[in-house]
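> How does the following fold in three dimensions:
(one chain, ligands or ions: 1)
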Amino acid sequence: MKKDIIHEEQNTLDKTVIKIDGIIKSLGDELKNNTTNDVLLERTNRRFINDYLDARKNPYFGRIDTYEDGKRETYYIGYTSVAKDKNQDIIYSWKSSVGDLFAQFHGGEGNIVIDRGPNEKYDFNVLLKRSLLIEKLRVKKYSDTVSEQARKELGTEVDNVLFDDFLMDILDGRNNETQLKDIVMTIQKEQNEIIRLPIDNSIIVQGVAGSGKSSIALTRISYLLTRYKEKLTPADIGILAPNEMFISYIQSVMPTLEIENIPQFTFKTLSKTVLKNLDVDNFNDPINSLSGLVNGDSTVATNYKTSIEFKEKIDFYLEEFKNQFVHNIKEFRYFDTITNTDIILSRDQILNRYEDLSYLSLVKRNQEILKYVEKWVDSLLISKQEELKKEFESVINTIFNGIPKTASLRKQTYESIEKVYSYRQKVLRDELNQRWRDYKSNWENFELFTLYQRILILEDLYHGKVTTVTAFKKHLEYDDLTPLMYLEILLNGVSKQYQHLVVDESQDLSPFQIHVLKLLSKSMTLLGDVTQNIYLEKGINDWTKLIEKVFLNDKVRLIEINTSYRSTNPIMEGANFIAANAQINAPKIVPIGRKGDRISIEKIYDPLRLLDHIIETIKSLQKKGFKKIAVVHKDLKRSVSLHERLVKQFSSIQLVTNSIQTVNKDVIIIPSFLTKGLEFDAVIIPNASKRNYDENELDAKLLFVSMTRAQHYVKLFYHQELTTLLNGIEIPKVEREEEDYSFL
Ligand SMILES: Nc1ncnc2c1ncn2[C@@H]1O[C@H](COP(=O)(O)OP(=O)(O)OP(=O)(O)O)[C@@H](O)[C@H]1O
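Numbers count the residues shown, from 1 in each chain. Down below sits the predicted model:
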């Protein structure tokens, strides 16, 4: 039975490849015959040819059979659609409605409604979903899921391979290279729901470690770009990642999802687009300052400047500054020596105009109101000059009345009177200009850095002796970026608003940072895991509080995903023990059910032997076929010294010391706090002793993050006493004599 199906599917695949070749050929023929040099045809056909040549390598990963109008329909689902004559799909993209159906259907009743908006509602009656593993155009494996209805009514034969087994095979068999393609092929129902949510409202995804958040983030962007292709270009969406290392990881997987042109930022690089006059390149990234936190400097974990309380204070001060500004608006008064009267632009007139301009940003409003006064002064000058001119002409006419035009007296008199009037013109101009300069000099311009400096002084956060704003700018640091961006947006508005921002590892941002991001985009997808917030107070520990403080009355959806796909059962169970032992109030991970080796925990007695043990472990893991192995030390200093010793043993080994490095070697030595978002086949933790990982929140989170990076295997060494964070995990008892181990 199994063989028959594989044979049948192989036949279909062979025929499909021939069809694709035919389509590519006819597109090419059209290009050859394009004698009118139709540019659109040229561009479209070339794009199709490229896409189809790519699709030909691995045309599809599954099929879905439905029963419609008494007829069985079969749709093949692939990464991209392939169409005959440019509109008859022979393969459907995973982003299409049938692709949606493929991801939705996980057995049970076959009636499924796909409802993705007013014009995207379809009723399906599913008979069969078949996942297919195709390698080098050979059908290797398949798995069927059949609806109850098909089972009962149509007697469809079912093979007993479950879809979950298929997923498991894929998860077990892979080695860090094809992850994103995998998720498209094996998208789970809850992931699919998130990926396909409409763009209009923000969503927050609380997903446990390994639940597919990063994969969902990128897949969702790919989906949104297709679904909203009429109104959305790649430049309208932005991805915010925690650091450059993470960005280089996502860049490597972006082409598979055709989202290469999406702008990618860290919070720091995004700040450059808002704070154009600030050189932020040298600001220390927060992840690097975590080194301090790991070594006991708790100030890193709190900063008033990035808190929502500070945002509220900025609102308060700015309101005060605005009130002061309005209070200081004065009438413009000019004493007219011609008429001996005061000419006044009243405060009320100015205030009325100010009210009319309330739709403008603060700075623009201030500028516009000043322009309004300036215009008034200008027109006053013109009208006064006109009056003087008229007066001069009338004086001349009166004086010269009856005096012959040729009389020489006339010329002299004219010149004298003209001198008098041009003097009066000059006086008028100078006086008015002086009045205007005085008026303008008292005008508040709301300059960003001046105001920020004032706020810091008022808040008592700034005691520097620097008084000039230019010098003050040199004293700014990373934590000033959030309040500065916020203030800049309040003062000048948003220069570019994204249609959608996708923020990965968002638990590491503060609510104030998320508030700023919210101002920069119409809607957001925030993905994160509170258990992995290693910035403690600074980051997000409770999404509902974030919603209360930042999203207020906005429509926002909080979705929890607790199933983890990355690691084997024993690793995930171990991670759950860590969270429980440290009493971290976080969702429990539900492992997908991948079998795997128990977590290996080994007590070390001789410090000199530890190195040998690590080397031995790496070698044996490599022998087993594990390609990416990480040795995760708690801090940076010990990672450096471990690397110095290991580098002599392995040719392909890399020390990761900061967040801008690209991780590209087989064996990585990395401090715990830099591993976030990364994934390895196996993780070795050289020192899991109690002294190193105590039962506090930070240590627990660091150990948790380190362990959950492993897909297949975790090995921990410890000295003297094992960290109590691992209580509950079964450990084989090994009794050996203790020796000095102080250097760890
Ligand atoms: N539906 C799926 N099918 C196959 N693989 C999946 C699926 N969902 C997730 N994965 C795999 O699980 C692993 C973890 O995914 P990902 O890195 O996206 O999770 P995450 O939630 O961002 O993890 P973390 O928070 O721990 O960094 C990846 O290898 C990913 O390919």
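> The stretch 601-744 of the chain against the ligand: which residues are in contact?
Proximity of the stretch 601-744 of the chain to the ligand is confined to 677, 679, 708 under the rule C-beta under 6 Å from any ligand atom. C-beta here means a position set from N, CA and C on the backbone, and glycine is covered the same way.
> Near the last one, how many other residues are there?
Number of residues near residue 708 (other C-beta atoms under 10 Å) recorded here: 28.
> helix, strand or coil for the closest residue to it other than its chain neighbours?
The spatially closest residue to residue 708, leaving aside those adjacent along the chain, is residue 209, at 3.8 Å (C-beta to C-beta, 6 or more residues apart in numbering). Secondary structure assignment for residue 209 (DSSP: H, G, I helix; E, B strand; the rest coil): coil.
> so what's residue 209 up against?
Residue 209 makes contact with 529, 531, 532, 564, 566, 567, 575, 589, 704, 705, 708, according to C-beta atoms under 8 Å, 6 or more residues apart in numbering.
> now those residues in a markdown table, with pLDDT?
Formatted as a markdown table, these follow (pLDDT from 0 to 100):
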| residue | pLDDT |
| --- | --- |
| 529 | 94 |
| 531 | 90 |
| 532 | 89 |
| 564 | 92 |
| 566 | 90 |
| 567 | 92 |
| 575 | 94 |
| 589 | 92 |
| 704 | 94 |
| 705 | 94 |
| 708 | 95 |
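> Dump those residues into JSON lines; add distance to residue 228 and secondary structure as well.
Shown next, in JSON lines, are the contacts of residue 209 (distance: C-beta to C-beta, whole Å; DSSP: H, G, I helix; E, B strand; the rest coil):
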{"residue": "529", "distance to residue 228": "28", "secondary structure": "coil"}
{"residue": "531", "distance to residue 228": "33", "secondary structure": "helix"}
{"residue": "532", "distance to residue 228": "31", "secondary structure": "helix"}
{"residue": "564", "distance to residue 228": "30", "secondary structure": "strand"}
{"residue": "566", "distance to residue 228": "30", "secondary structure": "coil"}
{"residue": "567", "distance to residue 228": "35", "secondary structure": "coil"}
{"residue": "575", "distance to residue 228": "37", "secondary structure": "helix"}
{"residue": "589", "distance to residue 228": "33", "secondary structure": "coil"}
{"residue": "704", "distance to residue 228": "37", "secondary structure": "helix"}
{"residue": "705", "distance to residue 228": "35", "secondary structure": "helix"}
{"residue": "708", "distance to residue 228": "34", "secondary structure": "coil"}
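> circling back: against residue 240, how distant is the residue nearest to residue 708?
20 Å (C-beta to C-beta, to the nearest Å).
> Show me what stretch 683-695 is in contact with.
Stretch 683-695 is contacted from outside by 581-582, 601, 610, 614, 617-618, 629-634, 638, 642, 699-700, 702-703, 706-707, 709-710, 713-726, 744, using C-beta under 8 Å, 6+ apart.
> So which of the residues you listed are in helices?
The helices, defined by DSSP state H, take in 581, 610, 614, 617-618, 638, 642, 699-700, 702-703, 706-707 from those.
> contacts for stretch 77-84?
For stretch 77-84, using C-beta under 8 Å, 6+ apart, the contacting residues are 19-20, 23, 51-52, 54-55, 58-64, 89-94, 96, 98-99, 102, 181, 184, 256, 258.
> circling back: determine which two of the ones in helices among the contacts of stretch 683-695 are furthest apart.
Comparing every pair within those by C-beta to C-beta identifies 581 and 618 as the most remote, at 28.1 Å.
> related to what we said a few turns ago, buried subset of the contacts of stretch 683-695 as a PyMOL selection?
Command for PyMOL that selects the buried part of those, burial taken from 16 or more other C-beta atoms under 10 Å:
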select buried, resi 581+582+601+610+614+617+618+629+630+631+632+633+634+638+642+699+700+702+703+706+707+709+710+713+714+715+716+717+718+719+722+723+725+726+744
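> could the ones in helices among the contacts of stretch 683-695 go into a markdown table alongside pLDDT?
Below are the ones in helices among the contacts of stretch 683-695 laid out as a markdown table (pLDDT from 0 to 100):
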| residue | pLDDT |
| --- | --- |
| 581 | 94 |
| 610 | 87 |
| 614 | 93 |
| 617 | 94 |
| 618 | 95 |
| 638 | 89 |
| 642 | 91 |
| 699 | 92 |
| 700 | 94 |
| 702 | 94 |
| 703 | 96 |
| 706 | 96 |
| 707 | 96 |
